[in-house]
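Peer 1: Show me the folded form of this:
(one chain, ligands or ions: 1)
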Amino acid sequence: MNSHIENPDVVLIGSGVMSANLGALLRRLDPALRIQVYEAADELAYESSNGWNNAGTGHAGICELSYTPTREPDGTVNVKKLIDIFQEFEQSLQFWGHAIASGMIAQPKEFINPVQHISFVHGAEQVEFLRDRHAGMAAHHFFAPMEFSTDRAKIGAWAPLLTEGRDPAVPIAATKMDGGTDVNFGVVSRKLLGWLADQAGCGVAAGHKVVGLHRAAEDVGRGLRTPPAWEVTARELKTGSERTVHAKFVFVGAGGGSLALLQLAGLPEAKGLGGFPIGGHWLVCEDPAIVSRHQAKVYGQNLPEAPTMAVPHLDQRILDGKKTLLFGPFAAWTTRFLHRTGSWTDLPATVKPHNLGTLLKIAATNFPLVRYLLQQGTQSMEDRMRVMRIFYPNAQAKDWKLVDGGIRVQAIKKTDGEAGIVHFGTEVLTSADKSLSALLGASPGASVSVNIVLEVIKQCFPALLSGPRITEVVPTYGTDYRAPEKAAEFDKLATAARKQLELI
Ligand SMILES: Cc1cc2nc3c(=O)[nH]c(=O)nc-3n(C[C@H](O)[C@H](O)[C@H](O)COP(=O)(O)OP(=O)(O)OC[C@H]3O[C@@H](n4cnc5c(N)ncnc54)[C@H](O)[C@@H]3O)c2cc1C
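Peer 2: Numbering: from 1, shown residues only. You can find the predicted model right below:
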């Protein structure tokens, strides 16, 4: 395993799922590329991508009700977003399937496992909404196997914790689809980076924080193949020693650290950008008698005032080789941008004259969100159990403990700020000369990481996507499989990837 190389073509900042997929894909598409990864923390992928710091749901658009929040004016449920997300997540499965088949990584069960995805609602209005959502989805070949039921016995057979002890007077409904996944994004990142570090001309250095990111003076005399675009300085946190490299391309995949790095780089494209951190907590149950009775990820409707990324769900997870149940996330107020290497000063440190107005406008116009975050952070265990009993009526506090669940830093663009909006999506920001890309925001994020970094490659390394190599590495790339006439072809590729990943 190499930690440092000289004269990298590409520097990736951060070792989360974004950098890991980008580094592995770039090297797979161009085996001559010299790639250096810097990670501030001592271990790789232990921030948002770590298994405990996200829900591990392969967001395939199957169970997440937040993608279809309301009906259309004509009364139908528009499922277009679900179809798009399904196709985007498929690219992750395709690439990871290739990674297994080509020996880049071994043992898929360490990072991906099949689990049924269920949407669960209660009350007559929500039951009718779910019925119509199912009708829209099941008509598309991606979701054809999805089942809908209002029958308690059937829903209880899918997930008994949902129905036991439930008031029989309140109608319930659920959709269920086999073929959903639980993903440990931290493990897949570490595996891909382990492979990258073994490649000649690539290095992965943990414990190295990037503290300098500047345009390099054009200096072909340094022995680089083309004039360098960026000068990157990484500090070894244990010793304080610094090393500087030059690279033609930099990817800022630093999660909560990305905004500070963009400000350091002084990109005009980053002017006015701000960050809004939202902390998270999970309730965790490790009692095998309870865990063994819930083989599903169950998503419900959003709670009023909660941001879409805080829609509660009751999930089976496979973490550290063990089955566990997670319920949440419960949002929390924080000013930290990173768990491991951040501090309470992270938020104030990113407030600059050019984004102050944006942030003040957001604070003033999003009071219900701020109040919600403060209220969430001060909840008692009993408050949290009350939310859980919407899903699992017989839940008892003694079986659950509260754990940290990661931080999401939502990107606030100047235009959003002026409109007073906090967007909960993912933003890719690329410099005009295509020499730097950065990822901001967090949702759905990890699941569609391959799709996101393919977009980065398309913008910054378009030649790598023009040959036949890309469809060896991501077989569904470049074809729109949403069209009905593509159903059979899609099925063949999807089945092959799922076999490689031991999902079927
Ligand atoms: C509660 C919660 C639930 C979620 N659930 C899901 C889900 O179910 N499905 C899904 O798809 N997504 C989910 N997400 C989102 C997902 O976790 C993120 O989109 C994804 O992990 C982001 O990956 P990343 O590589 O951008 O960042 P990270 O994994 O955070 O990696 C960034 C890395 O950069 C490092 N770094 C920062 N600054 C520097 C620096 N200056 N120098 C060097 N290194 C630096 C950090 O230490 C860190 O390791 C969830 C998030 C949360 C918080």
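Peer 1: use CA for all of it now, contacts and neighbours both
Peer 2: Fine.
Peer 1: Next, the residues that contact whichever strand or helix holds residue 280 from outside, please.
Peer 2: Element membership for residue 280 (DSSP states H and E) is strand 274-285. The contact list for strand 274-285, computed with Cα atoms under 8 Å, 6 or more residues apart in numbering, reads 259, 291, 324-337, 347, 350-351, 355, 358-359, 373, 399-414.
Peer 1: Next SSE downstream of it?
Peer 2: Following strand 274-285 toward the C-terminus (DSSP H and E): helix 288-291.
Peer 1: Would you map the strands across the stretch 251-400 of the chain?
Peer 2: 274-285, 296-299, 313-319, 322-333 (DSSP state E, counting those that start in this stretch).
Peer 1: gap between residue 121 and residue 139?
Peer 2: According to Cα to Cα, to the nearest Å, residue 121 stands 21 Å off from residue 139.
Peer 1: ok, residue 363 - contacts?
Peer 2: residue 370.
Peer 1: So residue 121 and residue 139 - more neighbours on which side?
Peer 2: residue 121 (25 against 12; other Cα atoms under 10 Å).
Peer 1: Run through who's touching the helix or strand containing that one.
Peer 2: Per DSSP H and E, residue 121 falls inside strand 116-122. If you take Cα under 8 Å, 6+ apart as the criterion, strand 116-122 is touched by 62-65, 127, 130, 170-181, 295-301, 391.
Peer 1: Give me the distance from it to the chain's centre.
Peer 2: 21 Å (Cα atoms, centre = their mean, to the nearest Å).
Peer 1: try stretch 356-374
Peer 2: On Cα atoms, centre = their mean, the centre of stretch 356-374 falls 24 Å from the chain's centre.
Peer 1: Check stretch 397-415 too.
Peer 2: 13 Å.
Peer 1: do it and the ligand meet?
Peer 2: Yes: using Cα under 6 Å from any ligand atom, we find that stretch 397-415 touches the ligand at 405-408.
Peer 1: in that stretch, what's buried?
Peer 2: 400, 402, 404-414 (16 or more other Cα atoms under 10 Å).
Peer 1: Low-confidence bits of this protein, can you list those?
Peer 2: 218-228, 303-310, 366-367, 377, 414-425, 442-444 (pLDDT under 70).
Peer 1: number of nearby residues for residue 191?
Peer 2: Using other Cα under 10 Å, residue 191 is surrounded by 22 other residues.
Peer 1: isn't there a helix covering it?
Peer 2: Yes: counting by DSSP: H, G, I helix; E, B strand; the rest coil, residue 191 is found in a helix.
Peer 1: Could you pick out the buried ones from the contacts of strand 116-122?
Peer 2: 62-65, 127, 130, 171-177, 179-181, 295-301, 391.
Peer 1: Sort out which of these are in helices and list them.
Peer 2: 127, 130 (DSSP state H).
Peer 1: quick one: contacts for residue 501?
Peer 2: Counting by Cα under 8 Å, 6+ apart, residue 501 has contacts 93, 96-97, 100, 108-109, 112.
Peer 1: Close to the ligand: what parts of the stretch 101-250 of the chain are there?
Peer 2: 208-211.
Peer 1: Dump the residues you listed to TSV, plus secondary structure.
Peer 2: Below are these laid out as TSV (three-state DSSP):
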residue	secondary structure
208	strand
209	strand
210	strand
211	strand
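Peer 1: Let's see if you can find the most crowded of these.
Peer 2: residue 208 (26 neighbours).
Peer 1: Test my guess that that one contacts residue 239.
Peer 2: No: contact criterion Cα atoms under 8 Å: residue 208 and residue 239 do not qualify, at 10.0 Å.
Peer 1: Overlap in contacts, the two.
Peer 2: In contact with both residue 208 and residue 239: no residue, using Cα under 8 Å, 6+ apart.
Peer 1: Just the CA trace of stretch 147-158, in PDB.
Peer 2: Provided in PDB are the C-alpha atoms of stretch 147-158 (Å, rounded to 0.1, in the frame of the first residue of the first chain):
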ATOM      1  CA  GLU A 147     -46.600  -5.300  -3.600                       C
ATOM      2  CA  PHE A 148     -49.200  -3.200  -1.900                       C
ATOM      3  CA  SER A 149     -51.300  -4.300   1.000                       C
ATOM      4  CA  THR A 150     -53.700  -3.000   3.600                       C
ATOM      5  CA  ASP A 151     -54.100  -6.400   5.200                       C
ATOM      6  CA  ARG A 152     -52.600  -6.500   8.700                       C
ATOM      7  CA  ALA A 153     -51.800 -10.200   8.500                       C
ATOM      8  CA  LYS A 154     -49.900  -9.800   5.300                       C
ATOM      9  CA  ILE A 155     -48.000  -6.700   6.500                       C
ATOM     10  CA  GLY A 156     -47.300  -8.500   9.800                       C
ATOM     11  CA  ALA A 157     -45.800 -11.400   7.800                       C
ATOM     12  CA  TRP A 158     -43.500  -8.900   6.000                       C
END
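Peer 1: I appreciate the help and will end here.
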